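Coordinates for the following, if possible.
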Amino acid sequence: MTKPSAPILEGQNLVKHFWVKQGRGPFARRAPIRAVDNVSIRLDAGKVTALVGESGAGKTTVGRLLAQVVRPDAGRVLLDGKPAPAGRPRSYAAQVQMVFQDPFASLNPVHRVRHHLARPLQIHGFGTGDVDAAVADLLRRVALKPPDQFASKFPHELSGGQRQRVAIARALAVRPHVLIADEPVSMLDVSIRLGVLNLLADLRDEERLAILYVTHDIASARYLADTISVMYAGQLVESAPSERLTDSPAHPYTQLLLSAAPDPDRPAPPHLAGRGAPPSLLAPPSGCRFHPRCPYAMDICKRQAPPSVTVADGHVSACWLHVDAAQRTSSENGVPVGAGSHIDKEKQKR
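Residues are numbered from 1 along each chain as shown. I've put the predicted structure just below:
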């Protein structure tokens, strides 16, 4: 049996709370927004991992934690198996780069494309040779040809897709091992999204990049990603190889996401359609955070957070439906759920 390779970048039990002020005057108090609670995720070389969920699920915060843009309150980030250095030193930035959602906001409007690509080369010590040749090579790698035509342009002279390709080229300039793409196509026209997704797929295949693809669109995640992890209200609820997750979703929330994705061959389950809205992360529900919207909710769902249960090879779901009745009773009595948990098929069919 081949031993699985170690991940290039890994987040273990990440926790991040943002504090906000509630009320006014002497009665004001600070309360935590529980943006990320105990999330673990790994990125492997030559693989795309998609992080999927509704707006406010904590996907972007997980990406920023992995990029060391924000610091976790608990948990740790490992780069090549070693704890990531505090802050975001240049050595870390050279290996882990981030592409942001809005390509126009991430590029300085007063500088030409050449400046955006030459600057990271110079900062990280790659600009000792022919900078113009290096810039041209970066533009070719993101399919902006001929490069001379694009290097002299300002961001406002480019289309949204071209700007996003420039942002990707800038991230590639420092020769990273990991690329974190935060909703990279959500602000682009539908007609050009596929080109950017194919570019990311080429970078995965040709340059062995480990890519985190953050998105709310589970259909594009299936198209691009090797593995999909689903987040809800700051927590991971399911993770599996992309085709298995979309063909056989094990968590009711994943089923709800899929029911919202257009597919004429898959009718939407009537018992899942339009069931409520995501909870406030200032006061998330007790137990399973999805239970107020779940048609299968049981009493234990309201009181205890579900364990992560392996339902198939590489397929994990955090749901009490996958724990048999005897083990659920034991858990309520304080006995941890054992490793032999299995799918409660009767509950799943209801």
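
what mean pLDDT does the helix or strand where residue 316 lies have?
With secondary structure defined by DSSP states H and E, residue 316 is part of strand 315-318. In this model, strand 315-318 has an average pLDDT of 96.

Strand partners (parallel or antiparallel) of it?
strand 235-241 (antiparallel), strand 308-312 (antiparallel) (DSSP bridges).

So which bits of the shortest one are buried?
Put plainly, it is strand 308-312. 308, 309, 311 (16 or more other Cβ atoms under 10 Å). Heads up, the C-betas are built off the backbone N, CA and C, glycines and all.

now, among the residues you listed, which is nearest to residue 224?
residue 311 (23.6 Å; Cβ to Cβ).

surely that closest one meets residue 321?
No: contact status for residue 311 versus residue 321: not in contact, 9.5 Å apart, counting by Cβ atoms under 8 Å.

pLDDT score for the closest residue to residue 55 other than its chain neighbours?
In space, and not counting its chain neighbours, residue 55 is closest to residue 216: 6.3 Å by Cβ to Cβ, 6 or more residues apart in numbering. On pLDDT, residue 216 comes in at 92.

Equivalent analysis for the one 10 residues further on, please.
According to the per-residue confidence, residue 226 scores 96 in pLDDT.

circling back: so which of the buried residues of strand 308-312 is the closest to residue 228?
Looking across these and measuring by Cβ to Cβ, the closest to residue 228 is residue 311, at 14.4 Å.

Show me where this protein has its strands.
9-22, 29-43, 48-52, 74-79, 82-83, 96-99, 178-182, 210-215, 227-232, 235-241, 308-312, 315-318 (DSSP state E).

Relative to the second one, what are the paired strands and their orientations?
By that I understand strand 29-43. Strand 29-43 has these strand partners (DSSP bridges): strand 9-22 (antiparallel).

Repeat that for the fifth one.
Here the strand partners of strand 82-83, with direction, are listed using DSSP bridges: strand 74-79 (antiparallel).

and the angle from the strand it pairs with to strand 178-182?
130 degrees (axes from the mean of the first three to the mean of the last three Cα atoms, to 10 degrees).

Please compute how far strand 74-79 lies from its chain's middle.
Taking the mean of its C-alpha atoms, strand 74-79 sits 16 Å from the chain's own mean (Cα atoms, centre = their mean, to the nearest Å).

which of the residues in that strand are buried?
Using 16+ other Cβ under 10 Å as the burial criterion, the residues of strand 74-79 that qualify are 75, 77, 78, 79.

Low-confidence ranges, the stretch 51-200 of the chain, go.
Along the stretch 51-200 of the chain, the parts satisfying pLDDT under 70 run over 127-128.

90 - rerun?
56, 85-88, 102-106, 123-130, 186-192 (pLDDT under 90).

still on that earlier bit, tell me which of the strands paired with strand 315-318 sits nearest to residue 53.
Comparing those by Cβ to Cβ, strand 235-241 comes nearest, at 8.5 Å.
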